[in-house]
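K.L.:
Model the structure of this input:
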Amino acid sequence: MSTPLGYVALVLHAHLPFVRHPESDFVLEEEWLYEAITETYIPLLHVFEGLKRDGIDFKITMSMTPPLVSMLRDPLLQDRYDEHLAKLEELAQKEIDSNEHNGHIKYLAEYYVKEFAAIRKTWERHDRDLIKAFKGFLDSNNLEIITCGATHGYLPLMRMYPEAVWSQLRVACEHYEENFGRAPKGIWLPECAYYEGLDRMIADAGLRYFLTDGHGVMYARPRPRFGNYAPIFTESGVAVFGRDQESSQQVWSSMVGYPGAPEYREFYKDLGWDADYDYIKPYIMPNGQRKNIGIKYHKITSKTGGEKALYDPYWAKEKAADHAQNFMYNRQQQVGNLAGVMKRPPLIVSPYDAELFGHWWYEGPWFIDFFFRKSWHDQSTYSMTHLADYLRAQPTQQVCRPSQSSWGYKGFHEYWLNETNAWVYPHLHKGAERMIELARMEPEDELQWRALNQAARELLLAQSSDWAFIMRTGTMVPYAIRRTRSHLVRFHKLYEDLQARKVDSGWLEKVETMDNIFPSINYRTYRPL
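P.N.:
Below is the predicted model:
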């Protein structure tokens with residue numbers, strides 16, 4: 001490729017809250033992970049492997065949060081995913097036999113049998129360790145893996161306790177190093193939420209850059225000369241990348257975004273709800289309640305409702321290729337226009353939730369594959385880059401103070417602090433105060449050491465922004481409330497036991513087994529800065 005006029009950085013945020021219940025044989029929320037493995041993470045690996053095989057030197061940035069990494073490497077969850085996938089394979093085969101005289105449904109069932117077989121082959125080829133698989137692309141410099149807050153805690157609402165913010169950053173960096181064998185260069189701030197002064201802690205944690213929403217850079221002081229089309233440096237030396245609104249809207253928007261095309265697979269029409277009850281009963285919840293299975297036979301057809309036509313992956317893939325072509329064309333126009341105005345190479349940063357690609361938008365991995373291939377073969381206006389490579393090539397940028405921001409509704413903090421979830425924060429603040437107090441303790445024996453570390457884990461898990469988010473969306477609310485309360489109850493029991501110098505060893509062992517994230521955590525990370 002000749003010297004490009006600019007750069008495009010695709011950034012995927014791969015995150016799920018820590019959901020692991022060894023105390024129960026079945027918890028529906030564990031299936032968030034299993035669905036994402038089948039529909040997003042392994043399909044993305046297939047895309048990366050195909051690009052590599054065909055000699056395309058692709059560049060992409062991807063956050064992998066500590067809860068997600070921990071779950072993907074957990075033997076219990078790996079075993080349960082094996083069982084989950086086996087049931088999918090069994091049902092898909094059964095669907096072929098059940099639809100002998102229904103040609104199109106049989107064709108789709110055969111398609112799913114092949115797809116699940118490919119998923120199984122990849123799962124077993126990597127010895128069930130998808131982190132090791134993604135690390136291979138990190139080592140080849142095709143994939144830049146960045147970290148996130150330790151449990152995706154919403155940092156601006158923790159700022160009155162800097163030790164709590166620091167622990168979210170420090171524990172995340174240590175966990176990343178344990179799993180990837182190197183320190184992370186960048187961080188996806190949870191919910192892209194920034195407050196003034198946070199960059200100093202990010203720098204102290206050894207991180208080189210972070211992402212924020214577009215207005216976090218656009219309203220920086222002084223106003224950045226190049227807006228969101230170049231990173232800025234903070235006064236502490238950390239680079240800040242702002243989200244590009246134009247490219248985001250073309251994928252995200254429910255009104256004009258690509259995923260709403262009528263040819264694409266309909267997410268909300270699933271065999272788990274459509275099939276005869278007695279037939280589907282072995283594959284739904286143990287209590288007999290229906291649930292999404294992951295086998296879907298219909299396409300979107302129309303946004304206005306009505307009957308849904310049958311899906312055809314052939315035509316859906318053709319549409320994904322068309323959309324990738326359009327996305328490439330729009331980036332060419334955008335980069336070409338900006339380069340003429342800026343008199344320097346612009347950077348388009350396009351960040352998305354990874355689970356959009358495959359889980360919510362089934363054809364998303366195909367879109368990414370086509371986009372990389374077309375960008376490599378069919379144009380020379382821009383180069384694909386990941387953020388670390390861009391900073392190495394462009395080490396001089398304007399110094400500004402980013403604005404407080406998030407990528408939530410209205411761009412600030414109200415999605416995580418409103419009438420549905422405000423009750424959480426006094427409890428989290430009390431927990432932070434008590435954890436800072438505990439951090440001053442010196443354990444008298446190994447039992448106290450374990451209890452102090454478990455207290456740190458429980459507080460971190462209670463701080464997950466996912467619980468407040470779920471309370472606001474109104475889906476799975478009882479689970480989010482239960483998780484918040486259970487971690488806080490465990491934390492306060494540990495605090496009181498430690499204060500009394502009387503730790504319940506049997507109970508502690510049980511809690512350590514359930515909430516086993518961050519095995520190397522050191523509670524002293526909460527000591528005053």
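K.L.:
contacts, neighbours, all on C-alpha from now
P.N.:
Noted.
K.L.:
how far out from the middle of the chain is the lengthiest helix in the chain?
P.N.:
Taking DSSP state H as the criterion, the chain has its longest helix at helix 313-342. Distance of helix 313-342 from the chain centroid (C-alpha atoms, centre = their mean, to the nearest Å) equals 24 Å.
K.L.:
pLDDT (mean, whole number) over it?
P.N.:
For helix 313-342, mean pLDDT rounds to 97.
K.L.:
Pull out the buried residues from it.
P.N.:
313, 316-317, 319-325, 327-329, 331-332, 334-336, 338-339 (16 or more other C-alpha atoms under 10 Å).
K.L.:
Can you tell me which helices and strands the helix or strand that it is followed by packs against?
P.N.:
Later in the chain than helix 313-342, the nearest helix or strand by DSSP states H and E is strand 347-353. When contacts are defined as 3 or more C-alpha pairs under 8 Å, 6 or more residues apart in numbering; DSSP states H and E, strand 347-353 sits against strand 6-14, helix 245-252.
K.L.:
Looking at the ones you listed, spot the one closest to Gly506.
P.N.:
Of all these, strand 6-14 sits nearest to Gly506, with 35.2 Å by C-alpha to C-alpha.
K.L.:
So in that sheet, which strands flank the closest one, and in what orientation?
P.N.:
strand 60-64 (parallel), strand 347-353 (parallel), strand 382-384 (parallel) (DSSP bridges).
K.L.:
nearest to Ser248, of these?
P.N.:
Going by C-alpha to C-alpha, the one of these nearest Ser248 is strand 347-353, 5.9 Å.
K.L.:
what's in contact with that closest one?
P.N.:
6-15, 228-230, 241-244, 247-248, 252, 335 (C-alpha atoms under 8 Å, 6 or more residues apart in numbering).
K.L.:
and if we set it to 6 Å?
P.N.:
6-13, 229-230, 243-244, 248 (C-alpha atoms under 6 Å, 6 or more residues apart in numbering).
K.L.:
got it, and stretch 37-45?
P.N.:
Glu355, Gly358, His359, Pro365.
K.L.:
Would you list the phi and psi of the last one?
P.N.:
Taking degrees, to the nearest 10, you get phi -60, psi -40 for the backbone angles of Pro365.
K.L.:
how close does Lys317 sit to Ile96?
P.N.:
Going from Lys317 to Ile96 by C-alpha to C-alpha, to the nearest Å gives 22 Å.
K.L.:
do the same with Ile187
P.N.:
Taking C-alpha to C-alpha, one finds Ile187 at 45 Å from Ile96.
K.L.:
Ok, Trp32 next?
P.N.:
26 Å.
K.L.:
higher neighbour count, these two?
P.N.:
Ile96 (21 against 13; other C-alpha atoms under 10 Å).
K.L.:
I figured that one hits Lys106, correct?
P.N.:
Yes: counting by C-alpha atoms under 6 Å, Ile96 does reach Lys106; the two are 5.2 Å apart.
K.L.:
Distance to Thr38 added to the strands paired with strand 6-14, as JSON lines?
P.N.:
Conversion of those to JSON lines gives the following (distance: least, C-alpha to C-alpha, whole Å):
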{"stretch": "strand 60-64", "distance to Thr38": "16"}
{"stretch": "strand 347-353", "distance to Thr38": "16"}
{"stretch": "strand 382-384", "distance to Thr38": "27"}
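K.L.:
Would you map the strands across this structure?
P.N.:
For the chain, strands defined by DSSP state E occupy the ranges 6-14, 60-64, 143-146, 186-188, 209-212, 232-233, 239-242, 347-353, 382-384.
K.L.:
Can you lay out these as a markdown table showing distance to Ile280 and mean pLDDT?
P.N.:
Shown next, in a markdown table, are those (distance: least, C-alpha to C-alpha, whole Å; pLDDT from 0 to 100):
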| stretch | distance to Ile280 | mean pLDDT |
| --- | --- | --- |
| strand 6-14 | 31 | 98 |
| strand 60-64 | 34 | 98 |
| strand 143-146 | 39 | 98 |
| strand 186-188 | 40 | 98 |
| strand 209-212 | 44 | 96 |
| strand 232-233 | 54 | 98 |
| strand 239-242 | 46 | 97 |
| strand 347-353 | 31 | 96 |
| strand 382-384 | 45 | 98 |
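K.L.:
Just put those in a markdown table and tack on distance to Gly50 and mean neighbour count.
P.N.:
Listed next are the strands of the chain as a markdown table, based on distance: least, C-alpha to C-alpha, whole Å; neighbours: other C-alpha atoms under 10 Å:
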| stretch | distance to Gly50 | mean neighbour count |
| --- | --- | --- |
| strand 6-14 | 18 | 23 |
| strand 60-64 | 14 | 23 |
| strand 143-146 | 14 | 26 |
| strand 186-188 | 26 | 26 |
| strand 209-212 | 28 | 26 |
| strand 232-233 | 34 | 24 |
| strand 239-242 | 29 | 25 |
| strand 347-353 | 22 | 23 |
| strand 382-384 | 17 | 23 |
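K.L.:
Reformat those as a markdown table; add distance to Thr473.
P.N.:
A markdown table is the format used below for the strands of the chain (distance: least, C-alpha to C-alpha, whole Å):
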| stretch | distance to Thr473 |
| --- | --- |
| strand 6-14 | 19 |
| strand 60-64 | 23 |
| strand 143-146 | 27 |
| strand 186-188 | 22 |
| strand 209-212 | 22 |
| strand 232-233 | 33 |
| strand 239-242 | 25 |
| strand 347-353 | 17 |
| strand 382-384 | 35 |
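K.L.:
Ok, which of those strands comes nearest Asp504?
P.N.:
Using C-alpha to C-alpha, the nearest of the strands of the chain to Asp504 is strand 60-64, at 34.7 Å.
K.L.:
Run through who's touching the closest one.
P.N.:
With contacts defined as C-alpha under 6 Å, 6+ apart, strand 60-64 is touched by Leu10, Val11, Leu12, His13, Ala14, Leu143, Glu144, Ile145, Ile146, Thr147, His386.
K.L.:
count of neighbours near the residue nearest to Leu189 when sequence neighbours are not counted?
P.N.:
Nearest residue to Leu189, sequence neighbours excluded (C-alpha to C-alpha, 6 or more residues apart in numbering): Cys148, at 5.7 Å. Residues near Cys148, counting by other C-alpha under 10 Å, number 30.
K.L.:
same question, Ser406
P.N.:
For Ser406, using other C-alpha under 10 Å, the count is 27.
K.L.:
State the distance from it to Phe210.
P.N.:
Where Phe210 is concerned, Ser406 sits at a distance of 13 Å (C-alpha to C-alpha).
K.L.:
How far away from the center of its chain is stretch 8-24?
P.N.:
The answer for stretch 8-24 is 5 Å, by C-alpha atoms, centre = their mean.
K.L.:
Just the C-alphas of that stretch, formatted as PDB.
P.N.:
C-alpha atoms of stretch 8-24 as PDB (Å, rounded to 0.1, in the frame of the first residue of the first chain):
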ATOM      1  CA  VAL A   8      -8.900   3.800  10.800                       C
ATOM      2  CA  ALA A   9      -8.800   2.000  14.200                       C
ATOM      3  CA  LEU A  10     -11.500  -0.600  14.900                       C
ATOM      4  CA  VAL A  11     -11.800  -1.100  18.700                       C
ATOM      5  CA  LEU A  12     -13.900  -3.900  20.300                       C
ATOM      6  CA  HIS A  13     -14.800  -3.900  24.000                       C
ATOM      7  CA  ALA A  14     -15.100  -7.500  25.100                       C
ATOM      8  CA  HIS A  15     -16.700  -7.600  28.600                       C
ATOM      9  CA  LEU A  16     -19.200  -9.600  30.600                       C
ATOM     10  CA  PRO A  17     -19.800  -9.300  34.400                       C
ATOM     11  CA  PHE A  18     -18.300 -12.100  36.600                       C
ATOM     12  CA  VAL A  19     -21.100 -14.700  36.700                       C
ATOM     13  CA  ARG A  20     -20.000 -18.000  38.200                       C
ATOM     14  CA  HIS A  21     -22.200 -20.100  40.500                       C
ATOM     15  CA  PRO A  22     -20.600 -23.300  41.600                       C
ATOM     16  CA  GLU A  23     -23.200 -23.500  44.300                       C
ATOM     17  CA  SER A  24     -26.000 -24.200  41.700                       C
END
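K.L.:
No further questions, thank you.
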